[in-house]
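J.: Quick check, what structure comes out for this input:
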Amino acid sequence: MQIEQLTPATFTAHREALATLLIDAVEGGASVGFVLPISRDTALAWVDGLADSIADGSRLLWLAHDAGRPLGTVQLELAMRQNGRNRAEVQKLLVMRGARRQGIARALMAALEDAAHALQRGLLFLDTEAGSPAEDFYGAQGWQYIGGLPEFACSPDGVWAANAIYYKTLFRRSAT
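T.: Down below sits the predicted model:
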């Protein structure tokens, strides 16, 4: 398995793989912003919509793959306002259903956290569907649950569900 941080130059070459990951996640019930049925055109439009933020450096994206087969992906959206340059939001941690429980999500998150630390982003946050298996994963990785909102998002099958908000502090800045 290889984990690659995509750049503007390499992003387009992995367009189909990212769409495949999104479709697999949604068809597997992941609440990641889409409802069923999800078409390939919808997934490709989502992928294409990421290009500008990757090009301007406000979004980092990693792809785990093996011999060209997509295994997983994760994104880090950097806060760009001057007063928020210490934080970033983790988005769309997706692992193919047939590749789960192999350490791919852990490896993707480790790459993301290393990059966040190098960029001086000491506070990371994310949200996931309340009660989903993702909550156990994030808790085991040292993320702290801070609450959630009722009926935050619609699941792929049309059920409204609460979210669960988590954060992780990689380092603290000294008061000045």
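J.: Enumerate the positions of stretch 147-157 that are buried.
T.: 148, 152-153, 155-156 (16 or more other CB atoms under 10 Å). Placement of C-beta: from N, CA and C, glycine included.
J.: ok, these vs residue 33, which is closest?
T.: residue 153 (7.4 Å; CB to CB).
J.: That closest one against residue 164, yeah?
T.: No - if you go by CB atoms under 8 Å, residue 153 and residue 164 don't touch, sitting 11.2 Å apart.
J.: Now do the shared contacts for the two.
T.: Taking CB atoms under 8 Å, 6 or more residues apart in numbering as the contact rule, the neighbours common to residue 153 and residue 164 are residue 129.
J.: Nearest to residue 65 among the buried residues of stretch 147-157?
T.: residue 156 (24.0 Å).
J.: Tell me the secondary structure of the closest one, please.
T.: Under DSSP: H, G, I helix; E, B strand; the rest coil, residue 156 falls in the coil class.
J.: quick one: contacts for it?
T.: 26-27, 29-31, 34-36, 38.
J.: what about 10 Å?
T.: Residues near residue 156 by CB atoms under 10 Å, 6 or more residues apart in numbering: 25-38.
J.: Now flag whichever of those is closest to residue 131.
T.: When the contacts of residue 156 are compared for distance to residue 131 (CB to CB), residue 31 wins out at 10.5 Å.
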